[in-house]
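J.: Give me a 3D structure for the following:
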Amino acid sequence: MKMKSKLKAMLAAVTIAFAGTALADINTGVTTSGATANNGELFLSVWNTTLGLSYTRDLGINLSNFLPSGLLAPVDNGVGVDYAFGAAPTIGTGNVLTSGYQLKFGLDGTAAGMSLGTLLGTAGTIWSVVASENFGNDRLLFTTNNLAPSLPTAQLQSTTTKVSQHLIAVNGLQGGAADPTSNESSTAMPPSAAYSGSTGFGTSLGGLSFNTSASVGTGLNFWIAEQTAPSASTLSQFVGGDGAQWLLASDGTLTWDVAAVAAPVPEPGTWAMMIAGLGLLGGMARRRTQGRAA
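T.: The predicted structure follows:
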């Protein structure tokens, strides 16, 4: 108990010391005007309830990038955290959904990244990626490995409200309006509402009936819930090729990967049937040639 108390005291000191140097400023999806109106940014949350410490990172990608008719895929804007790309995406709209596309965020080198290192090196640390739109028809992007999540419209509306409230608390560490060109990070501890392990956020985003998080090193599927009418909503999984996932590795690298479509390789039995069929066709052709010659 004494060791745990000392560790929490040290973490608190570190968090306070770096609170003014690495701060998130995430679009909450409740803006009412401008180019980013109703267009929340994706953010990474990493937390450990035993440590009582969480880390939030502004990913600088808007929700609209993940809509089929969305904007061009994000590029390195030269400010804050850089983006590094793997397989080159097809140029066009909505290309973060293109098969073979990869978006990779390197280890956070800011002051908040020191707390991230502590989290990554501690057992029981979990993570998620979320974005929310809480103005007009609600939208929620979320990670989960639940095979068939259920998200009724009323729950969708309640959840987007709670996500926005959580982000307001996260941004309150800095203050000011959301700045889409400043993609940074911050840390928090309970009882702050900015703490990712709080009851207003956590594994269920404040009230979902399923888990949206996973242990570090475990990939998570990505879903979108959209309100299509006052009492109707749709829920669908992002797929590109044969799958699309987020993964936070133990070294702090975060990757969005849309698996490439591979041509199916015939099974041995299929090859045998194909060869037998070709042999049969060849035999029929020979018989016809011989019959004509006679």
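J.: Let me see the ranges of the strands in the protein.
T.: Ranges of strands within the chain are 41-48, 53-62, 84-85, 102-105, 126-133, 139-144, 185-188, 214-215, 220-229, 232-237, 244-248, 254-258, based on DSSP state E.
J.: and the residue nearest to Gly40 when sequence neighbours are not counted, what is it in contact with?
T.: Ranked by C-beta to C-beta, 6 or more residues apart in numbering and with sequence neighbours excluded, the top spatial neighbour of Gly40 is Gly29, at 2.9 Å. Heads up, the C-betas are built off the backbone N, CA and C, glycines and all. Counting by C-beta atoms under 8 Å, 6 or more residues apart in numbering, Gly29 touches 38-40, 63, 131-135, 139, 160, 163-164.
J.: on that earlier part again, nearest to Gly197, of the strands of the chain?
T.: In terms of C-beta to C-beta, the element of the strands of the chain nearest to Gly197 is strand 41-48, at 4.5 Å.
J.: how close does Gly124 sit to Gly172?
T.: According to C-beta to C-beta, to the nearest Å, Gly124 and Gly172 sit 27 Å apart.
J.: And for Ser99?
T.: 40 Å.
J.: Which one of those two is surrounded by more residues?
T.: Ser99 (18 against 14; other C-beta atoms under 10 Å).
J.: so what's that one scoring on pLDDT?
T.: Here, the pLDDT recorded for Ser99 equals 78.
J.: can you give me the end-to-end distance of stretch 214-234?
T.: 24 Å (C-alpha to C-alpha, to the nearest Å).
J.: List the buried residues of that stretch.
T.: Residues of stretch 214-234 classed as buried: 214, 216, 219-227, 233 (neighbour count, 16 or more other C-beta atoms under 10 Å).
J.: quick one, helices of this structure?
T.: Ranges of helices in the chain, per DSSP state H, are 2-18, 112-120, 153-171, 268-293.
J.: what separates Ala193 from Gly202, distance-wise?
T.: Remark: distance between Ala193 and Gly202 (C-beta to C-beta) = 11 Å.
J.: Please say which of the two ends up with more neighbours.
T.: Gly202 (24 against 18).
J.: So that one sits against Ser196, correct?
T.: Yes - counting by C-beta atoms under 8 Å, Ser196 is a contact partner of Gly202 at 7.1 Å.
J.: What is the burial count for the closest residue to Ser64 other than its chain neighbours?
T.: Among residues not flanking Ser64 along the chain, Gly70 sits closest, at 4.6 Å (C-beta to C-beta, 6+ apart). Close neighbours of Gly70, defined as other C-beta under 10 Å, add up to 17.
J.: what does the model give Gly70 for pLDDT?
T.: 70.
J.: Low-confidence bits of the stretch 101-250 of the chain, can you list those?
T.: Along the stretch 101-250 of the chain, the parts satisfying pLDDT under 70 run over 173-182, 240-242.
J.: what's the spacing between the closest residue to Ser132 other than its chain neighbours and Gly252?
T.: In space, and not counting its chain neighbours, Ser132 is closest to Val163: 4.0 Å by C-beta to C-beta, 6+ apart. Distance check for Val163 against Gly252: by C-beta to C-beta, it reads 23 Å.
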